[in-house]
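In: Next one to model:
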Amino acid sequence: MAEEKIVKQQNSANEMKSSLTLKHKLGYGAGDAGGVATLVLIGTFMNRYLTNVLGIPFATLSVLLLVWNIWDMVNDPMMGTFMDKSFSKSQGQKDKFRPWMLRSIPLIVIGLIAFFSVPSMFDGMMRLVAIFLLKVIYELGYTMMNIAMGSVLGVMALNDRERTTLSSARGMGSTVGGLISSMSIPLILARLGENTTGYMVSGIFAAILGGALIFFHYWGTEERNAAAKLAAEEQAEPTKFSDIFVTLAKNKAFLSLCLHSIVIVFGSTLFNTTLPYIYGDVFGDIGLMGTAALIGQGLPVVLLLIAPYLVKFIGSTVKVIRTYLLLSAAIFIGLYFWKLVGDLPPVLYMVSASVGIAFMLMSVQLQWGLVSESIDYNEYITGKRSEGSIYGNFSLTRRLGQMLAQSLVVLMIGWIGYSQQAAQAGQAQSAEAVEGLVLMNLVGPAVCALLSWVSFKFIWNITDETREAMTSARLARLEEFDKKND
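Out: Alright, predicted model coming up:
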């Protein structure tokens, strides 16, 4: 069989070397670049657009966010399991994940542009319906792309070295996509104003950029790991929704990643959601966000380039992540105490907070190789290789953190006395509102960074000895598969 020959070739020739091309690396990195290019607009500016431009009350928005995120929590694992089952039914006659990347593009592009333009054409209940449905369309496309992108790594990389390379490419792509949007969108809004026109142009910009990058991602990826695909085909039992409970009970590495994901997404969402209010209402210049983005998104590019050397020096990816988390928490806490004892200069905040969030987000940039490793570990302890289902459930934890942060932030902004009327009239917010915004923006992320550190320090359980055992078990399994088909 041709596939058996491929498996044998991968076992012997590719175990220690990488045959990834530049097309593979750029193509894989482009996926997260495109996704993050659209997420910057949704995650950072959506609440301000809905409340300050469309006039949606904070209480109403909190309900919308809750419903959206509950749907996303159901949608993510469902989409991953559907991809696994769809591939099973095709009996391996087509790519498992790449077709879903292509299908996601029109949903993302059309949904994003419409979300930031169509609702202003309606009033009352029709405006709320338009907002709700268009966000669902965008999120359906993004989920489809994101699960396919994360899962394809397992059937694209042939060995640990390639997994690390592709994870770094994804992190670099995420950083570059985020940097472009984070610098460009504040400039668009500063030039055109925080109004329907400004947000419509921002939506068109982010959608076209994201769609083009995702298409490049589809073009540049290749499902070339026949061994992983055969492992999925030959497993005795099909993937079930209930498998996630078995995974969480047996796979401590995956449990650690899930807990990290919830708290780190909560912390970064809390920071990013309150950021426009800090620059727009506390410092009075939303255009400063573009300069801050150059630091906050540009620094990870340097950190990713030196990541392999840091891993070698410190000892492991997990130890590097823990170091970054402690540095992030220290910076945020230091800034907050500075604010308590005196004025916090905008330039000092801009530089320090940007460095703090960059260190925090390095835990996200470096986590993808750990997710792939937890999938290998799950195959080792359960005998099932279900990239789509596991990645879908991991994505669910990210949605959970996002849901909690978005819903709570909207309510908290109202509780601290933030005035929509003052913002629309260009007036200053009260001292209590400013103090509340700073507290949410700095202390919340610091606490989340520390909780994430705890999950990696005390729960993560994959060691060098575990990796050796996993490699031996997989080679034995493939040899047994070869004997059955000889």
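In: how near is Tyr218 to Ser182?
Out: Between Tyr218 and Ser182 the distance, using CB to CB, to the nearest Å, works out to 24 Å. No exception for glycine: its C-beta is placed from N, CA and C like everyone else's.
In: same question, Asn272
Out: From Asn272 across to Ser182, the span is 9 Å (CB to CB).
In: tell me, what's touching the two both at once?
Out: Common contacts of Asn272 and Ser182, defined by CB atoms under 8 Å, 6 or more residues apart in numbering, comprise Thr44.
In: Just give the nearest non-adjacent residue to Leu288, would you?
Out: The shortest distance from Leu288 to any residue that is not its chain neighbour, by CB to CB, 6 or more residues apart in numbering, is 5.0 Å, and that residue is Tyr279.
In: now Pro445
Out: Ranked by CB to CB, 6+ apart and with sequence neighbours excluded, the top spatial neighbour of Pro445 is Gly267, at 4.1 Å.
In: Identify the residues contacting that neighbour.
Out: By CB under 8 Å, 6+ apart, Gly267 lies in contact with Met360, Ala405, Gly444, Pro445, Ala446, Val447, Cys448, Ala449, Ser452.
In: Which helix or which strand is home to it?
Out: Taking DSSP states H and E as the definition, one finds Gly267 inside helix 252-277.
In: Count the neighbours of Tyr142 for me.
Out: Counted with other CB atoms under 10 Å, the burial measure for Tyr142 works out to 24 neighbours.
In: Sorry, slip of the keys, the one I care about is Gln406.
Out: Once other CB under 10 Å is used to define contacts, Gln406 is seen to have 24 neighbours.
In: That one: which element?
Out: With elements taken from DSSP H and E, the one containing Gln406 is helix 387-415.
In: Give me the next element, helix or strand, following that helix.
Out: Later in the chain than helix 387-415, the nearest helix or strand by DSSP H and E is helix 420-424.
In: Can you name the next helix or strand after that following helix?
Out: Read in the C-terminal direction, the helix or strand following helix 420-424 is helix 431-458, with elements assigned using DSSP H and E.
In: Excluding residues flanking it in the chain, which one is nearest Thr273?
Out: Taking CB to CB, 6+ apart, and ignoring the residues beside it in sequence, Thr273 has Val409 as its nearest neighbour in space, at 4.8 Å.
In: Give me the below-cutoff pLDDT ranges for this structure.
Out: Counting by pLDDT under 70, the chain contains low-confidence ranges at 1-18, 76-77, 80-81, 87-93, 159-160, 225-246, 385-388, 478, 481-482, 484-486.
In: run the last query once more with 50
Out: Judged by pLDDT under 50, the chain has its weakly predicted residues at 1-16, 234-238, 241.
In: Please, where are all the strands along it?
Out: Ranges of strands within the chain: none, based on DSSP state E.
In: measure the closest residue in space to Phe271 that isn't next to it in sequence to Arg477 for me?
Out: Using CB to CB, 6+ apart and skipping residues adjacent in sequence, the residue nearest Phe271 is Pro445, 4.6 Å away. Plainly put, Pro445 is 43 Å away from Arg477 if you go by CB to CB.
In: before we move on, what about Thr60?
Out: With the distance defined as CB to CB, Thr60 ends up 54 Å from Arg477.
In: ok, now Phe115?
Out: If you go by CB to CB, the gap between Phe115 and Arg477 works out to 46 Å.
In: ok, those two, which is more surrounded?
Out: Just comparing Phe115 and Arg477: by other CB under 10 Å the higher neighbour count belongs to Phe115, 27 against 17.
In: who's in contact with that one?
Out: For Phe115, the set of contacting residues under the criterion of CB under 8 Å, 6+ apart consists of Ile131, Leu134, Lys135, Tyr138, Gly203.
In: who's in contact with the second one?
Out: If you count contacts by CB under 8 Å, 6+ apart, Leu134 has them with Gly111, Ala114, Phe115, Val118, Pro119.
In: now the third one
Out: By CB under 8 Å, 6+ apart, Lys135 lies in contact with Leu64, Trp68, Gly111, Phe115.
In: do that again at 6 Å, thanks
Out: Taking CB atoms under 6 Å, 6 or more residues apart in numbering, we find Lys135 in contact with Trp68, Phe115.
In: and if you look at the last one?
Out: If you count contacts by CB under 6 Å, 6+ apart, Gly203 has them with Leu112, Ile113, Phe116.
In: Which of those residues sits closest to His260?
Out: For His260, the nearest member of these is Leu112. The distance, counting by CB to CB, is 28.3 Å.
In: How about the closest one, nearest residue that isn't a chain neighbour?
Out: Once flanking residues are discounted, Leu112 sits nearest to Ala207: 4.1 Å by CB to CB, 6+ apart.
In: and what of Gln406?
Out: Across the structure, with CB to CB, 6+ apart as the measure, the residue nearest Gln406 apart from its sequence neighbours is Leu65 (4.5 Å).
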